[in-house]
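Trainee: I'll drop the sequence and a predicted model, then ask my questions.
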Amino acid sequence: MPRRAAPPLPWLAPGVVVGGLLPAGVLLLDALTGALGANPVQRATLQTGLLALTLLILSLACTPLRRLTGWTWPARIRKALGLLAFGYAALHFLIYLFDHAFTPGVVLEDVVKRPFVTVGFAALLLLLPLALTSTRDAVRRLGFPKWQRLHQLVYVAASLGVLHYWWGVKKDHTPPLVAVLVVAFLFALRLIRRRRPRPRP
Amino acid sequence: LAQARRPLGPYDTSEAVTPYAQATTYNNFYEFGTGKDDPARLAGSLKPRPWTVLIDGEVKKPVRVDIDTLQSWFPLEDRIYRMRCVEGWSMVMPWLGFPLAALLRRIEPNSKAKYVQFTALHDPKQFPGQRGNVLDWPYVEGLRLDEALHPLTFMAVGLQGRVLPGQNGAPLRLVVPWKYGFKSIKSVVRITLTQKQPRTTWALAAPDEYGFYANVNPAVPHPRWSQATERRIGELRRRPTLPFNGYAEQVAHLYKGMDLRRFF
């Protein structure tokens, strides 16, 4: 399979990091200037949750995109997108904790009793080991096959994240439906790829 | 119109009133859209005049009446009520209007009347949210007759000394302060006295989450969140939610002997 020569694009990875952090900056600025509306805590919770899921989906799109197009640059921004997704998921959880006054009993009850919270919390927990093993050093220590197996948890995390989004919507499931379809499409691309014998370069 | 100082009535609260800007820009009114800012943004398409209200069903004096005539039947009263949304936020709203009981006394329910059903306007031209089927339109709500006759139960035509804005349910809305906000149906065009319990919109849309009674109850959680606390709009920290939204003394007797976990 002929491959296009990879352009250097040295600015790409830092650009993704800066661009990915920009919404957090805007959110902070809006919070400080009172521009988050009548219920700022709720708004911040929704926005960080949506950002986490979007970035996670973008990180899942990197590999299929690289395989379909032959471009190599998606592989180089995958880590940044994944880490940003984890960052926003953690912030989302932190705001939720603040919302419940960091009361362990209340949070525990939510996590144990309410599936909507359980799946969101589980998704965050699953992303944690992935974020911790995102360094080159961790890949070396674990060995690539083991590292790769571990990072397949991202499929579970994304599925739980989408389910959390679906259950979080009171009515009008159009936006979560879009997320479901995109994630299903990305999964399908991978399954199709796996069935076919891989062409040798 | 300036808010005149007046002595607080027996049902008023002295808690800080939610600023008008917030009470009119953070609304659930799916007839305009599911976003909190959709109602304020799109309310211009609602024409609250001319407006007719049909009052019928199990009544001795059914009537189809213009909103201005209806309003002129009663001396308008101020009420400052807490409003608790099922989503876990609350406001303090100074309404202007008349008790529903006054209207019911005038049209005289007959002996078969057990419930009151309210129907909101169904007109996709005025309500862009009704062009989709997010809910089963028109929006329908209902009360047991004794709930409807309770002196707290109110029909509002104004808010904070102004005519009720479209996003808050112009020109006529129900206000039942001890129940979650979705019971307080907006832009009412029909009030029907019935023998059977009305099939209400949210109870049909998600029967495991929203019941017919929908009394504010910190002890009965929503399947997806606790109802033990709420955020008063304008405050950062949550506060405890009170049984019957703080009106237990006035209304708890209506539900004596009922299992409020079952009839949520």
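Mentor: Noted; the coordinates are in hand.

Trainee: Near residue B:258, how many residues? Count them for me, please.
Mentor: 11 (other C-beta atoms under 10 Å in any protein chain shown). Quick note: C-beta positions are derived from backbone N, CA and C, even for glycine.

Trainee: For chain B, which residues are neighbours of chain A?
Mentor: Residues of chain B lying close to chain A (C-beta under 8 Å from any C-beta of the partner chain) are B:22, B:25-26, B:30, B:34, B:36-37, B:87, B:89, B:132, B:134-135, B:205-206, B:221, B:223-226, B:228-229, B:231, B:233-234, B:236-238.

Trainee: Low-confidence bits of the stretch 1-150 of chain B, can you list those?
Mentor: B:1-5 (pLDDT under 70).

Trainee: the helices in it, which residues?
Mentor: Secondary structure of the stretch 1-150 of chain B by DSSP state H, counting those that start in this stretch: the helices cover B:20-23, B:38-42, B:67-72, B:100-107, B:145-148.

Trainee: buried residues in the first one?
Mentor: Within helix B:20-23, the residues that count as buried by 16 or more other C-beta atoms under 10 Å in any protein chain shown are B:20, B:23.

Trainee: Contacts for that helix, please.
Mentor: A:38, B:91, B:93, B:159, B:160, B:162, B:168, B:233, B:234 (C-beta atoms under 8 Å, 6 or more residues apart in numbering or on different chains).

Trainee: check contacts around residue B:79.
Mentor: Taking C-beta under 8 Å, 6+ apart as the test, what residue B:79 contacts is B:9, B:11, B:12, B:94, B:95, B:96, B:97, B:154, B:175.

Trainee: so how far is residue B:184 from it?
Mentor: 12 Å (C-beta to C-beta, to the nearest Å).

Trainee: Check residue A:17 too.
Mentor: 47 Å.

Trainee: Touching both of residue B:79 and residue B:184, which residues are there?
Mentor: residue B:175.

Trainee: burial count for residue B:214?
Mentor: Neighbours of residue B:214 (other C-beta under 10 Å): 22.

Trainee: Are any of the residues of chain B next to chain A buried, and if so which?
Mentor: B:25-26, B:30, B:34, B:36, B:87, B:89, B:134-135, B:221, B:225-226, B:228-229, B:231, B:233, B:238.

Trainee: Taking the centroid of chain B, which residue is nearest it?
Mentor: residue B:184 (1.4 Å; C-alpha atoms, centre = their mean).

Trainee: Touching, that residue and residue B:175? I think so.
Mentor: Yes: with contacts counted by C-beta atoms under 8 Å, residue B:184 reaches residue B:175, the gap being 5.0 Å.

Trainee: Identify the residues contacting stretch B:104-117?
Mentor: B:55, B:57-63, B:73, B:100, B:140-145, B:148-149, B:190-198.

Trainee: swap the cut-off to 7 Å and go again
Mentor: With C-beta atoms under 7 Å, 6 or more residues apart in numbering or on different chains as the test, stretch B:104-117 has contacts from B:55, B:58-61, B:63, B:73, B:140, B:142-145, B:148-149, B:191-198.

Trainee: Show only the entries of those found in strands.
Mentor: Counting by DSSP state E, the contacts of stretch B:104-117 place B:55, B:63, B:140, B:142, B:143, B:144, B:191, B:192, B:193, B:194 in strands.

Trainee: Tell me the residues of chain A that contact chain B?
Mentor: A:37-39, A:41, A:99, A:101, A:106, A:109-110, A:114, A:116, A:167, A:171-172 (C-beta under 7 Å from any C-beta of the partner chain).

Trainee: Who wins on neighbours among the residues you listed?
Mentor: Neighbour max across those (other C-beta under 10 Å) = residue A:38, 22 neighbours.

Trainee: Next, the contact list for that one, please.
Mentor: Residue A:38 sits in contact with B:22, B:25, B:26, B:233, where contact means C-beta under 7 Å, 6+ apart.

Trainee: So it versus residue B:235, what's the distance?
Mentor: From residue A:38 to residue B:235 the distance is 11 Å (C-beta to C-beta).

Trainee: likewise residue A:120?
Mentor: With distances taken as C-beta to C-beta, residue A:120 is found 25 Å from residue B:235.

Trainee: So for those two, which residue has more residues nearby?
Mentor: Between residue A:120 and residue B:235, counted using other C-beta under 10 Å, residue A:120 has the larger neighbour count: 26 against 13.

Trainee: and the residue lying closest to the more buried one once chain neighbours are set aside, how many residues sit next to it?
Mentor: In space, and not counting its chain neighbours, residue A:120 is closest to residue A:164: 3.8 Å by C-beta to C-beta, 6 or more residues apart in numbering or on different chains. Applying other C-beta under 10 Å, we find 24 residues neighbouring residue A:164.

Trainee: So residue A:164 sits against residue A:119, correct?
Mentor: Yes: counting by C-beta atoms under 7 Å, residue A:164 does reach residue A:119; the two are 4.8 Å apart.

Trainee: mind showing which ranges of chain A have poor pLDDT?
Mentor: Using pLDDT under 70, chain A drops low at A:1-8, A:194-201.

Trainee: Helices of that one, residue ranges please.
Mentor: A:12-32, A:40-69, A:73-99, A:104-113, A:115-132, A:136-142, A:144-151, A:153-168, A:174-195 (DSSP state H).

Trainee: nearest to residue B:258, of the ones you listed?
Mentor: helix A:104-113 (24.0 Å; C-beta to C-beta).

Trainee: ok, now which ones touch the closest residue to chain A within the stretch 1-150 of chain B?
Mentor: Here the residue of the stretch 1-150 of chain B nearest chain A is residue B:26; by C-beta to the nearest C-beta that distance is 3.5 Å. Each residue near residue B:26 by C-beta under 7 Å, 6+ apart is listed here: A:37, A:38, A:39, B:36, B:233.

Trainee: repeat that for 6 Å
Mentor: With contact set as C-beta atoms under 6 Å, 6 or more residues apart in numbering or on different chains, residue B:26 has these partners: A:38, B:36.

Trainee: Look up the closest residue to the residue at minimal distance from the centre of chain A, ignoring the ones flanking it.
Mentor: Central residue of chain A (C-alpha atoms, centre = their mean): residue A:56, 2.1 Å from the mean position. Distances taken as C-beta to C-beta, 6+ apart put residue A:85 closest to residue A:56, at 3.9 Å, once the chain neighbours are dropped.
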